[in-house]
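Colleague: no sequence on this one, just coordinates:
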């Protein structure tokens, strides 16, 4: 069972990581492959050795794929910057994952409105 203090520490660390990663991605990376990116969430592993960084990529599928390649290439730089800014001895291993939840939500809303508009059929 996890102690309460550790849980809150991990949550605070996750939020600090999210803010710093977003700052780094917004203006410090010079890779032309990386387009417009927002960090939606950071999921820290229980041991804080790895973190899944959920990113929302603006643009079409080709731009998203290119951006994800650029983020994978910039992982080392981002980890080094995090260690320096947050004074971490061992920054977590970063795994960038594209967050498609907004796309799924829009599709579900579209399907729900479509079913509401259809008239009920009689047998």
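Modeller: Structure received. Just so you know, these numbers come straight off a predicted model, no measurement behind them.
Colleague: alpha carbons only for contacts and neighbour counts from here, please
Modeller: Noted.
Colleague: report all helices and strands that the top helix by length along the chain contacts.
Modeller: Under DSSP state H, the helix in the chain containing the largest number of residues is helix 4-27. In terms of contacts (3 or more Cα pairs under 8 Å, 6 or more residues apart in numbering; DSSP states H and E), helix 4-27 is packed against strand 37-44, helix 75-86.
Colleague: can you pull the buried residues of that helix?
Modeller: For helix 4-27, the buried set under the neighbour-count rule, 16 or more other Cα atoms under 10 Å, comprises 10, 13, 14, 15, 17, 18, 20, 21, 22, 25.
Colleague: likewise stretch 81-90?
Modeller: 81, 82.
Colleague: on the three-state scheme, residue 96 is what?
Modeller: strand (DSSP: H, G, I helix; E, B strand; the rest coil).
Colleague: give the contact list for it.
Modeller: Neighbour list for residue 96: 52, 53, 54, 55, 68, 71, 72 [criterion: Cα atoms under 8 Å, 6 or more residues apart in numbering].
Colleague: for it, list each beta-bridge partner.
Modeller: residue 53 (DSSP bridges).
Colleague: taking the centroid of the chain, which residue is nearest it?
Modeller: residue 54 (1.7 Å; Cα atoms, centre = their mean).
Colleague: correct me, but that residue touches residue 40?
Modeller: Yes - between residue 54 and residue 40 there is a contact at 5.6 Å, judged by Cα atoms under 8 Å.
Colleague: which neighbours do those two share?
Modeller: Joint contacts of residue 54 and residue 40 (Cα under 8 Å, 6+ apart) are residue 99.
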